[in-house]
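Q: Based on what follows, work out the 3D shape:
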Amino acid sequence: MHAGDYLVYIPSSSMNAMEVPIEPREGTTPGFILYVAIDESIQDSSLELSYVFHRLLTREPLFWISVAAMMIWLIALLIFVITFSQIQRYNERHKRDNEIITESIETFTGFIDAKDPYTNGHSKRVARYTRQIAEQMGYEGEELDRIFYVALLHDCGKIGVPDSILGKPGKLTDDEFEIIKSHTERGGEILSSFKSLEDADEGARYHHERYDGKGYPEGKAGEDIPLVARIICVADSFDAMNSNRVYRKQLKKTHIINEIERNKGLQFDPRIADIMLDLIRSGKIPTEK
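A: Numbers count the residues shown, from 1 in each chain. Purely as a prediction, here's the structure:
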């Protein structure tokens with residue numbers, strides 16, 4: 001061949017023809033070897049050459065890294081979907097259980113409040129005020145629910161107090177007052193077997209204890225009184241002043257505020273009393289003007 005001439009190479013399709021693989025990130029210069037029979041001339045002959053490089057993804061390390069990452073992502077997604085579904089079912093079951101518990105307790109306390117038309121709805125209101133105070137103190141979630149339920153049951157001991165005493169418009173005799181006072185111990189005894197609600201008896205037993213130690217039934221004082229009972233004490237007293245009773249009419253807002261202020265450190269825990277006063281003054285707990 002002469003300068004400027006070219007050959008066209010047609011590769012063999014026989015079994016002797018082999019493809020030489022090229023490793024990843026390696027380069028090569030394609031070429032060919034031309035065999036010509038002795039005494040034969042290739043003058044005026046032409047050869048055609050075409051070639052294709054095949055690159056296998058499975059030979060690339062990055063391919064397998066990508067496959068592994070995808071598998072990990074799919075497994076993580078599956079775990080998330082299963083976990084999320086279980087959490088959703090748990091939350092729905094928990095919400096349903098709470099609704100059943102609340103309705104059951106409210107039905108029971110409704111029987112108690114119905115014994116005295118002047119205090120109808122008292123337990124539910126006290127529980128609501130107690131919850132509001134506890135929220136201001138930083139309680140939330142299941143602990144806040146527990147406090148609410150304990151407050152809802154605080155007067156359950158009145159189930160054993162005669163209607164004639166609960167609804168008596170005049171002054172109670174000493175014996176009648178002792179019967180009224182006994183509702184705290186009776187309530188504590190009733191709720192002592194309520195094992196699914198932690199310390200369920202504390203609100204019923206101690207909500208008439210005073211911060212200065214002059215309350216009943218045990219004369220506990222200060223921090224010795226369970227916190228939930230100290231909260232209920234303020235909420236219970238507020239509702240008594242803020243509603244009509246057989247022996248008097250509902251008190252005015254200023255009168256209620258003055259009574260709570262006057263009894264801080266005496267009947268009421270000062271910190272809890274201040275929270276209740278803030279709720280009243282801000283209008284979050286409504287009162288008569």
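
Q: where exactly do the strands run in this protein?
A: Using DSSP state E, no strands are found in the chain.

Q: For it, which element, helix or strand, carries the lowest mean pLDDT?
A: helix 163-166 (a mean of 81; mean pLDDT, DSSP states H and E).

Q: by contact count, what packs against it?
A: Here helix 163-166 touches helix 174-191, going by 3 or more Cβ pairs under 8 Å, 6 or more residues apart in numbering; DSSP states H and E. For the C-beta atoms, the positions are set from N, CA and C on the backbone; glycine is no exception.

Q: could you give the mean pLDDT of the helix it packs on?
A: The average of the pLDDT scores along helix 174-191 is 91.

Q: other SSEs contacting it?
A: helix 163-166, helix 201-206.

Q: quick one: contacts of that helix?
A: 153-162, 165-166, 168, 172, 197, 200-202, 204-208, 216-217 (Cβ atoms under 8 Å, 6 or more residues apart in numbering).

Q: Comparing the helices and strands packed on helix 174-191, which comes out most buried?
A: Ranked by mean neighbour count, the helices and strands packed on helix 174-191 are led by helix 201-206 with a mean of 26 (mean count of other Cβ atoms under 10 Å).

Q: CA atoms only: put that one into PDB for me.
A: Provided in PDB are the C-alpha atoms of helix 201-206 (Å, rounded to 0.1, in the frame of the first residue of the first chain):
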ATOM      1  CA  ASP A 201     -57.500   7.600  95.300                       C
ATOM      2  CA  GLU A 202     -55.300  10.700  96.000                       C
ATOM      3  CA  GLY A 203     -57.700  13.300  94.700                       C
ATOM      4  CA  ALA A 204     -60.700  11.900  96.500                       C
ATOM      5  CA  ARG A 205     -58.900  11.300  99.800                       C
ATOM      6  CA  TYR A 206     -57.000  14.500 100.100                       C
END
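
Q: How far away from the center of its chain is it?
A: 26 Å (Cα atoms, centre = their mean, to the nearest Å).

Q: could you give me the average pLDDT of it?
A: Mean predicted confidence for helix 201-206 is 94.

Q: Now do the contacts for the residue lying closest to E261 once chain neighbours are set aside.
A: Leaving aside its chain neighbours, E261 sits nearest to L277 (7.0 Å; criterion: Cβ to Cβ, 6 or more residues apart in numbering). By Cβ under 8 Å, 6+ apart, L277 lies in contact with I257, I260, E261.

Q: coming back round to it: now the helices and strands packed on helix 174-191 in CSV, with distance to N120?
A: Output for the helices and strands packed on helix 174-191, formatted as CSV (distance: least, Cβ to Cβ, whole Å):
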stretch, distance to N120
helix 163-166, 12
helix 201-206, 19
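
Q: Span of stretch 195-215 from start to end?
A: End-to-end distance of stretch 195-215 (Cα to Cα, to the nearest Å): 27 Å.

Q: try stretch 159-169
A: 19 Å.

Q: Then stretch 212-227?
A: End to end - Cα to Cα - stretch 212-227 spans 15 Å.

Q: contacting residues around that stretch?
A: Counting by Cβ under 8 Å, 6+ apart, 181-182, 184-185, 199, 202-203, 205-206, 208-211, 233, 265-267, 269 sit against stretch 212-227.

Q: Check the offset of that stretch from the chain's centre.
A: Counting by Cα atoms, centre = their mean, stretch 212-227 comes out at 33 Å from the chain centroid.

Q: repeat for stretch 61-81
A: 31 Å.

Q: quick check: mean pLDDT across that stretch?
A: 92.

Q: Could you pull out the helices in the stretch 51-200 of the chain for me?
A: For the stretch 51-200 of the chain, the helices defined by DSSP state H, counting those that start in this stretch cover 61-113, 122-136, 141-152, 163-166, 174-191.
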